[in-house]
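A.B. asks: build the 3D model from these lines:
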Amino acid sequence: MPRVCHFTGKHTHIGNQKTHRGKAKYLGGVGTKCTGITARQFKANIQTVRAVVDGQVTRIKVSAKAIKMGLVVKPVRRTWKAPTTAAA
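C.D. replies: Predicted coordinates:
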């Protein structure tokens with residue numbers, strides 16, 4: 001199953017990581033130079049949660065932002081009560 005949010009569609013994006021060397025001009029150097037560019041991934045903050053979807057409790061992958069926005073409806077927690085005895 002991919003790292004994709006069920007509600008917002010957030011997913012992994014691809015970008016570059018640049019490596020620099022040298023001293024900045026404002027610090028008295030001759031400037032920084034790029035010495036390498038490598039691919040990297042920007043991963044979304046995806047969480048697996050139990051949620052109510054179409055009346056069924058299922059496990060879905062959602063982003064943390066979707067949870068904060070209130071898009072996820074959590075199932076009702078069950079309250080366990082002690083059995084009552086009939087006093088006769």
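A.B. asks: show me where the protein has helices.
C.D. replies: 64-69 (DSSP state H).
A.B. asks: chain neighbours aside, what residue packs nearest to the spatially most central residue of it?
C.D. replies: Nearest to the mean C-alpha position of the chain, counting by C-alpha atoms, centre = their mean, stands residue 45 at 1.6 Å. Closest residue to residue 45 apart from its sequence neighbours, by C-beta to C-beta, 6 or more residues apart in numbering: residue 64 at 4.2 Å. C-beta here means a position set from N, CA and C on the backbone, and glycine is covered the same way.
A.B. asks: that neighbour against residue 47, yeah?
C.D. replies: Yes - using C-beta atoms under 8 Å, residue 64 is in contact with residue 47, at 6.1 Å.
A.B. asks: any weak-confidence spans in the protein?
C.D. replies: Judged against pLDDT under 70, the low-scoring parts of the chain cover residues 1, 86-88.
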